[in-house]
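**Q** Below are the sequence and a predicted model for it; my questions follow.
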Amino acid sequence: MMYDRGWMAGTSGNLSIRSSEGIRITPSGRDKGTLRTGDLLLVRDNGEAGPLLPIRPSAELSLHQAIYRNRADAVAVYHVHTVESNIVSEWATSGKLGLPLLEMLKGFGWKTEDPDPVLPVFSNHPDVGAIAREVDQLLSRESGFRLPGYLIRLHGLTVWGNSPEEAFKHVELFDFIFRYMVQSRFLPSR
């Protein structure tokens, strides 16, 4: 479904699910339109992958591990590359993107008395492990309401949820919010 919606074109993006055995994650370089459940690779809690060669887990495994380390309730982590997530990531200032106060925020558990919603935006660079360390630092020290996701500038959106269905819902909600933000830039000012 994510491929069909244009959220994971070609080989972009990755998905993982936490299980009692470890993390099951999509393989590196695979076209997401052809994936099946059996294609998910097992990476044990100690970071060891089973006998996979020549198949490797997603190069962004460390981003998923940072979330699982810091969010005990996270069962699924989805990383997608949408056009709108890349556009709005450029609008961030000081590593944060303020979101409009849309009704859709309630789908994340946001309440009107909560602080205005802000999404973290990390710089994109070739060392994925360095980005994962920044994610780890942010998630380990946060307090208060926090949206279940973040952006990597000109790269994509990462979300998590307490089930695969909830993580999917979070992608869907962010996608709506980002599309609204992009399209509202073209509305005549009042």
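**A** Perfect, I can see it now.

**Q** May I have the phi/psi pair for Glu134?
**A** Phi and psi for Glu134, reported as degrees, to the nearest 10, are phi -70, psi -40.

**Q** Quick check: it touching Asn124?
**A** No. The criterion here is Cβ atoms under 8 Å, and Glu134 misses it with Asn124 at 11.1 Å. Using the backbone N, CA and C atoms, a C-beta is placed for each residue, glycine as well.

**Q** tally of neighbours for Ile152?
**A** Close neighbours of Ile152, defined as other Cβ atoms under 10 Å, add up to 25.

**Q** Could you list which residues are in contact with it?
**A** Residues near Ile152 by Cβ atoms under 8 Å, 6 or more residues apart in numbering: Ser89, Val121, Phe122, Ser123, Asn124, Ile131, Thr158.

**Q** next one: Leu97
**A** By Cβ under 8 Å, 6+ apart, the residues touching Leu97 are Val88, Ser89, Trp91, Val118, Leu119, Pro120, Val121, Leu151.

**Q** Over to Leu151?
**A** Residues in contact with Leu151 (Cβ under 8 Å, 6+ apart) are Ser85, Val88, Ser89, Ala92, Leu97, Leu119, Pro120, Val121, Phe122, Leu157, Thr158.

**Q** Run a quick neighbour tally on the fourth one.
**A** By that I understand Ala92. For Ala92, the neighbour count with other Cβ under 10 Å is 18.

**Q** quick one: it from Asp31, how far?
**A** Using Cβ to Cβ, to the nearest Å, we find Ala92 at a distance of 30 Å from Asp31.

**Q** What of the fifth one?
**A** Distance from Leu97 to Asp31, counting by Cβ to Cβ: 30 Å.

**Q** quick one: the helices in this protein?
**A** For the chain, the helices defined by DSSP state H occupy 61-70, 83-89, 128-141, 164-184.

**Q** okay, those helices in CSV with mean neighbour count next?
**A** Putting the helices of the chain into CSV (neighbours: other Cβ atoms under 10 Å) gives the following:
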stretch, mean neighbour count
helix 61-70, 21
helix 83-89, 20
helix 128-141, 16
helix 164-184, 18
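
**Q** Now render those as CSV, adding mean pLDDT and distance to Gly107.
**A** Putting those into CSV (pLDDT from 0 to 100; distance: least, Cβ to Cβ, whole Å) gives the following:
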stretch, mean pLDDT, distance to Gly107
helix 61-70, 93, 19
helix 83-89, 96, 17
helix 128-141, 91, 21
helix 164-184, 96, 5
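
**Q** helices or strands next to the worst-scoring helix or strand of the chain on mean pLDDT in the packing?
**A** Lowest on mean pLDDT, DSSP states H and E among the helices and strands of the chain sits strand 41-43, with a mean of 88. Under the contact criterion of 3 or more Cβ pairs under 8 Å, 6 or more residues apart in numbering; DSSP states H and E, strand 41-43 touches strand 22-25.
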